[in-house]
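1. mind folding the following:
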Amino acid sequence: MITYSVTITIKKEIEDHWLTWMKEIHIRDVINTGYFYDWQIQKLVIPDYGKDESTFVINYITDSIDKYYAYLENEAARLQNEHVQKFAGKFKATRAIFHTVPK
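-> Alright, predicted model coming up:
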């Protein structure tokens, strides 16, 4: 299993609007590409790094690294650009890929 993990630090003043948009539009659009079959969103509680920002991690699950690379080549730029246009200057993002190690 492969996890595409996106960490977003967002201004608290727009957190509710951002979270609604993520759950109702953006995450659905990523899943609808067909490259990922599940997702999870988590909010960082401890440590709390700032009074005016919140940090979230969105994990998208796929069954192969090839599907992630296909997403990267065919869809990522468009979807990331939508996020940038909507929330420019109000967030920071980092991305990472994880391979689940069997138990």
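
2. show the pLDDT at Asp48.
-> Here, the pLDDT recorded for Asp48 equals 78.

3. so how far is Lys12 from it?
-> 11 Å (Cβ to Cβ, to the nearest Å). Using the backbone N, CA and C atoms, a C-beta is placed for each residue, glycine as well.

4. try His99
-> His99 is 33 Å from Lys12, by Cβ to Cβ.

5. out of all of them, which helix in the chain is the longest?
-> Counting by DSSP state H, the longest helix found in the chain is helix 77-87.

6. which of His99 and Lys12 has more neighbours?
-> Lys12 (12 against 8; other Cβ atoms under 10 Å).

7. residues in contact with the more buried one?
-> Contact analysis of Lys12 by Cβ atoms under 8 Å, 6 or more residues apart in numbering lists Lys51, Asp52, Glu53, Ser54.

8. and the closest residue to the last one other than its chain neighbours, which of the three is it?
-> In this case it means Ser54. Excluding its sequence neighbours, the residue lying closest to Ser54 (Cβ to Cβ, 6 or more residues apart in numbering) is Glu15, at 5.2 Å. Using DSSP: H, G, I helix; E, B strand; the rest coil, the structure places Glu15 in helix.

9. kindly report the same for Tyr60.
-> strand.

10. mind listing what the helix or strand hosting Gln40 pairs with, with the direction of each?
-> Here Gln40 sits within strand 38-43, counting by DSSP states H and E. Using DSSP bridges, the strands paired with strand 38-43 are strand 53-62 (antiparallel).

11. other residues contacting the partner strand?
-> Against strand 53-62 from outside (Cβ under 8 Å, 6+ apart): 1-12, 15, 19, 22, 27, 30-31, 35-44, 49, 68, 71.

12. now do the nearest residue to His83 once chain neighbours are set aside against Leu79, distance only.
-> Spatial nearest neighbour of His83, excluding adjacent residues (Cβ to Cβ, 6+ apart): His26 at 6.3 Å. Distance from His26 to Leu79, counting by Cβ to Cβ: 7 Å.
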